[in-house]
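**Q** Attaching a predicted model along with its sequence, questions to come.
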Amino acid sequence: MAATSPLIAIVGRPNVGKSTLFNRLVGSRRAIVGDEPGITRDRLYGKAHWRGQELRIVDTGGILPDDTDFIPSEIFRQARFALDEAAVIVMVVDARTELAGPDLELARLLQRTGKPILLAANKIDSEKQSSLTDDLHRLGIRNMFPISAEHGRGIEELLDAIFKVLKLETSDAETKKAADHVPRSSRSTRRREDAAHNEPAEANDQRPTTKDEFQADDDQPINDDRSPTETRVAIIGHPNVGKSTLLNRLTGAERAIVSPIPGTTRDAVDELVTRDGQNFRFIDTAGIRRKGKTHLMAEKLSVVMARKHLEEADIALLVIDATEGVSSLDAAIAGYAHESGRSVIIIVNKWDLFGAGAFVRQKAAQSGEVSETQDSFQRKANKRRPHKQLPSDREAYEDRLRDELKFLSYAPVLFVSASSGKGTDKIFPTLAQVAAERRKRVTTGQMNRFLKHIDFDRASVPMRQRVRILYLTQAGTSPPTFVLFTDRQVKLHFSYQRFLENQIRKEFGFVGSPIWIKVKAR
């Protein structure tokens, strides 16, 4: 996404349709939509194309200026970042509900920014409902546009107004082309709007997106703004292991809300970072939970989105809480990444609360050299430890981790503290190495010379499942995929496949990436 493109900030109080409008403008289900207030929390960025120009769009969480609770105040702080960046502000209100104090207070706050403000009166499905906007003049915003973000009504007029405010110009050809490509097919919705004139309006058109509907739309890709040279990195793990803290540390900004409340992150938050000439797009995904532990629709959809973003990533940073060790849920999440062919780097976070550093601080606390806050933080960490005894030595801890995640034997392990930054300097070099290994290609000649030196008799495979290998070739990268040509068609025994994979790694590396081997009879 070009940083020079003008930024449009979508703001408003909770549950007025901001995320629906954002999805409409960017042309994909980038943000989770539902009838539960406060679903969106972090800033979500996307881009829209209109009349030959590119616009950057940012969706913000529902703003309640006077709410002092932790999550609402953090949402407000994230929204302030978006307002500071924005060239134009679009305030969204629900035209079907009576104006409330938070609407009036937010309008006054936005007017004090001195930036152009457009008022989007949402949920106006037909001309019959246009009178619902009369009361909205109390907000004191002159440029008002009745829209239906759900059905696309009024979106063209809103985009044209944004162009007028920004003084963007287009040619006649681009204008005609834009008319043929209205965001999310609002032309087709006009037929439904005509029919709506003769039908009573529903009580609430902000219909929640169900899990089944989301999965039915899986063929529609997530809005992908990356360049061909960009490496996409998904930060995954169960709730409250420090994924958002790690994202903030890697990006050098408070990009995501961090709190001790499990499940704070819902939408996937992404940020592009350039390091040593390489582009990495980090995606902080929602914590993946077991099905029985998700109750709200927003939580269910956030898990679906996390899986979807993982499958579209190149590398997964699997974050594990050092004070808890590897749980069965960690192993299941790691299995998702392995089976989908993602390269994996295991991040053991909060090592300062568990490893040697924790015992140094504990000793210092006894002599009064550490603060009361740090000491209480350590006691809380000790309480979170499971009953199983975890080794405090780094090598022994890694051996235990390797034993519990045997299928990720190829994944590098890094011990870090995302909150203090200790050890995080090793993440970028490891990412660059794993990204290069994932794209590595070995010639057929190299593979055939390699095959001549392998003693396959060492592989513990039943005689009836042994095959004669004619030759081996690399058919693809990302992940490295090899085709094994044999004298007969047979399902390769897992011992045979594991032996061959280990030999390939010993010779050619492929650090951090799974290796796929396919068998084809000659």
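**A** Yes, it's here.
**Q** residue ranges for the helices of the stretch 251-400 of the chain, please.
**A** 297-311, 328-339, 356-366, 372-384, 394-404 (DSSP state H, counting those that start in this stretch).
**Q** Mind giving me the packing neighbours of the last one?
**A** Contact partners of helix 394-404 among helices and strands, from 3 or more CB pairs under 8 Å, 6 or more residues apart in numbering; DSSP states H and E: strand 343-349, strand 413-415. Backbone N, C-alpha and C define where each C-beta goes, glycine included.
**Q** which of the ones you listed is buried the deepest?
**A** strand 343-349 (a mean of 26; mean count of other CB atoms under 10 Å).
**Q** For that strand, output the C-alpha coordinates as PDB.
**A** Provided in PDB are the C-alpha atoms of strand 343-349 (Å, rounded to 0.1, in the frame of the first residue of the first chain):
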ATOM      1  CA  SER A 343       7.400 -22.400   7.700                       C
ATOM      2  CA  VAL A 344       7.600 -22.200  11.500                       C
ATOM      3  CA  ILE A 345       9.700 -20.500  14.100                       C
ATOM      4  CA  ILE A 346       9.000 -21.300  17.700                       C
ATOM      5  CA  ILE A 347       9.000 -18.300  20.000                       C
ATOM      6  CA  VAL A 348       9.300 -19.100  23.700                       C
ATOM      7  CA  ASN A 349       8.000 -15.800  25.200                       C
END
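**Q** strands paired with it, and their directions?
**A** strand 315-321 (parallel), strand 413-415 (parallel) (DSSP bridges).
**Q** Ser131 in helix, strand or coil?
**A** Of the three states, Ser131 takes helix according to DSSP: H, G, I helix; E, B strand; the rest coil.
**Q** burial of it, as a residue count?
**A** Residues lying near Ser131 (other CB atoms under 10 Å) number 11.
**Q** Ok, the one 5 residues further on next?
**A** The burial metric for Leu136, expressed as a neighbour count using other CB under 10 Å, is 18.
**Q** is it true that it touches Ile124?
**A** No - here Leu136 lies out of contact with Ile124, judged by CB atoms under 8 Å, at a distance of 10.5 Å.
**Q** residues bridging contact with these two, i.e. touching both?
**A** Ala95 (CB atoms under 8 Å, 6 or more residues apart in numbering).
**Q** My understanding was that Ile346 contacts Val416; is that so?
**A** No - taking contacts as CB under 8 Å, Ile346 lies outside contact range of Val416: 10.6 Å.
**Q** thinking again about what came up before, how about the strands paired with strand 343-349 in a markdown table, adding mean pLDDT and distance to Pro479?
**A** Converted to a markdown table, the strands paired with strand 343-349 look like this (pLDDT from 0 to 100; distance: least, CB to CB, whole Å):
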| stretch | mean pLDDT | distance to Pro479 |
| --- | --- | --- |
| strand 315-321 | 94 | 11 |
| strand 413-415 | 96 | 19 |
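**Q** any chance of these in a markdown table, with distance to Gly341 too?
**A** Formatted as a markdown table, these follow (distance: least, CB to CB, whole Å):
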| stretch | distance to Gly341 |
| --- | --- |
| strand 315-321 | 10 |
| strand 413-415 | 20 |
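**Q** most neighbours per residue, which of the ones you listed?
**A** strand 315-321 (a mean of 26).
**Q** got a list of contacts for that strand?
**A** Residues contacting strand 315-321 (CB under 8 Å, 6+ apart): 231-237, 240-243, 246, 310, 326, 330, 333-334, 337, 342-350, 384, 401, 408, 411, 427, 431, 434-435, 438, 512.
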